[in-house]
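> predicted model follows, preceded by the sequence.
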Amino acid sequence: MSWVNKEDFEVGETYQMSGESSPFTLLDAKYSALHWDGNYKSCLLVKYATGRYCTPFNKTRLWKKKGTTMDKQLYTMLNRDNVGEKATLVGKKLSGFLVMELTNSEDIVTVPSYSVEKVVPYTVGVKFANTPYKTYQYLATEGDWKEGDLFLVKGDIGSVAQVMEIDTRSPKATVKLTGIKIEGKMVGESESS
């Protein structure tokens with residue numbers, strides 16, 4: 001195990017706090033929660049294997065087991081013919097080059113980091129009327145939503161939200177955005193002559 005500083009925390013990775021034996025998965029490194037002193041403060045959002053969530057404050061370093069990840073992230077990398085190939089990250093060299101395993105042949109190749117891009121689904125950023133200070137990421141189908149769309153959230157009666165960003169390419173999104181779009185014209189305003 002080795003120490004990892006806050007600026008190097010990665011969402012989805014498995015960590016432990018010093019002196020604690022239970023590992024947890026980091027869900028959000030820039031979370032905000034109500035502190036015991038009554039103020040909202042920056043903290044981590046973590047989930048233990050038992051399903052318990054926790055929001056530890058003032059954590060600047062965590063223990064990380066070498067080679068622990070939630071799943072194998074899929075990447076697209078350009079080959080010599082500038083054709084995108086799917087691969088997974090095996091390791092990093094001190095020179096900055098990445099060691100990748102091709103998914104179609106299981107060959108191991110070394111490539112410069114600029115030629116590699118994470119494969120992420122289409123996502124959108126949404127703000128809710130009751131929490132306008134935070135943008136939440138949702139999976140979406142390209143073309144279903146555009147910036148500025150207002151909608152009623154499905155399953156949450158009376159909750160209004162707005163699409164703030166499209167194609168955010170966020171790995172944080174885990175739920176598909178569904179709702180009823182609010183479309184129409186302004187009513188109740190008199191026309192000025």
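Received it, and whenever you're ready, just let me know what you need. Numbering: from 1, shown residues only.

> what is the neighbour count of the residue nearest to K154 when sequence neighbours are not counted?
In this structure, K154 finds its nearest non-sequential neighbour in T178, 4.4 Å apart by Cβ to Cβ, 6 or more residues apart in numbering. All C-beta atoms are positioned from the backbone trio N, CA, C, and that covers glycine. T178: 12 surrounding residues under other Cβ atoms under 10 Å.

> just the pLDDT for the closest residue to D107 other than its chain neighbours.
The shortest distance from D107 to any non-neighbouring residue, by Cβ to Cβ, 6+ apart, is to E101 (7.3 Å). As predicted, E101 sits at a pLDDT of 80.

> other SSEs contacting whatever helix or strand E101 lives in?
Element membership of E101, judged by DSSP states H and E, is strand 98-102. Using 3 or more Cβ pairs under 8 Å, 6 or more residues apart in numbering; DSSP states H and E, the elements in contact with strand 98-102 are strand 84-92, strand 108-111.

> wouldn't the residue nearest to K154 be in contact with A161 here?
No. T178 is beyond contact range of A161, at 11.1 Å (criterion: Cβ atoms under 8 Å).

> re earlier: can you redo the helices and strands packed on strand 98-102 as CSV with mean pLDDT?
Putting the helices and strands packed on strand 98-102 into CSV (pLDDT from 0 to 100) gives the following:
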stretch, mean pLDDT
strand 84-92, 78
strand 108-111, 81
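
> and for the most centrally placed residue in the chain, nearest residue in space, chain neighbours not counted?
By Cα atoms, centre = their mean, the mean C-alpha position of the chain lies nearest to K172, the distance being 1.9 Å. Leaving out its chain neighbours, the residue that sits closest to K172 by Cβ to Cβ, 6+ apart is Q137, at 4.5 Å.

> just list the residues touching that neighbour, thanks.
T123, V124, G125, V126, T168, S170, K172, A173 (Cβ atoms under 8 Å, 6 or more residues apart in numbering).

> repeat that for T135.
T135 touches G125, V126, K127, M164, E165, counting by Cβ under 8 Å, 6+ apart.

> what's the neighbour count on the closest residue to V116 other than its chain neighbours?
Closest residue to V116 apart from its sequence neighbours, by Cβ to Cβ, 6+ apart: M77 at 4.6 Å. M77 has 20 neighbouring residues, counting by other Cβ under 10 Å.
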